[in-house]
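Q: sequence and predicted structure, then a few things I'm wondering about:
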Amino acid sequence: MTTGASLEELYREVILDHFRDPRNKGTLPNPTGTFSGSNPVCGDEVTIDLVVEEGRIVDVAFRGEGCSISQASSSMLAERVVGMPADDSRKLAAAVRTMLQTGDEPVDDVGDLDALRGVAKFPVRVKCALLSWNVLEQGLNELAPAS
Ligand code: ZN
């Protein structure tokens, strides 16, 4: 293990790919709810449209602006949680948050999101990566409250 993180390590190919070619970017015609958040420290903004039916996320779209970490994290979120039960996506959000805050291996299978783990070495950037997950959780708490 080397000490000290490099920027190259942070901007892994998978992050750049999501930044350049974001998934599920845009708006939905009839969202069940629309939720926004911002990270003033970096100037990141994210808005997420959600369609939630019977406790399941049926569709997701996001839009926003800001640094590559915030936008790539949003794209990865949007790609990952479509079709997922709200409770599972809440668990995923918790696993991603812990991973970002500790830099430890995720407790659940988070798939491609593991690429964001390097962000933990850059505390200022953790907020960028967490922004969309906070917005998602806020939306789920309103649309599909945990029982
Ligand atoms: Zn940012």
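A: Looks like it arrived, so ask away.
Q: from the chain's centre, how far out does the longest helix seen in the chain sit?
A: Longest helix in the chain by number of residues (criterion: DSSP state H): helix 123-143. Relative to its chain's centre, helix 123-143 lies at 7 Å (C-alpha atoms, centre = their mean, to the nearest Å).
Q: begin at 5 from here
A: Happy to do that; since the first residue is 5 now, the last one works out to helix 127-147.
Q: buried residues in it?
A: For helix 127-147, the neighbour count (16 or more other C-beta atoms under 10 Å) marks 129-141, 143-144, 147 as buried. Quick note: C-beta positions are derived from backbone N, CA and C, even for glycine.
Q: then stretch 116-130?
A: 116-117, 119-124, 129-130.
Q: and these as a markdown table, adding distance to residue 26?
A: A markdown table is the format used below for these (distance: C-beta to C-beta, whole Å):
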| residue | distance to residue 26 |
| --- | --- |
| 116 | 13 |
| 117 | 15 |
| 119 | 15 |
| 120 | 15 |
| 121 | 20 |
| 122 | 20 |
| 123 | 17 |
| 124 | 23 |
| 129 | 18 |
| 130 | 20 |
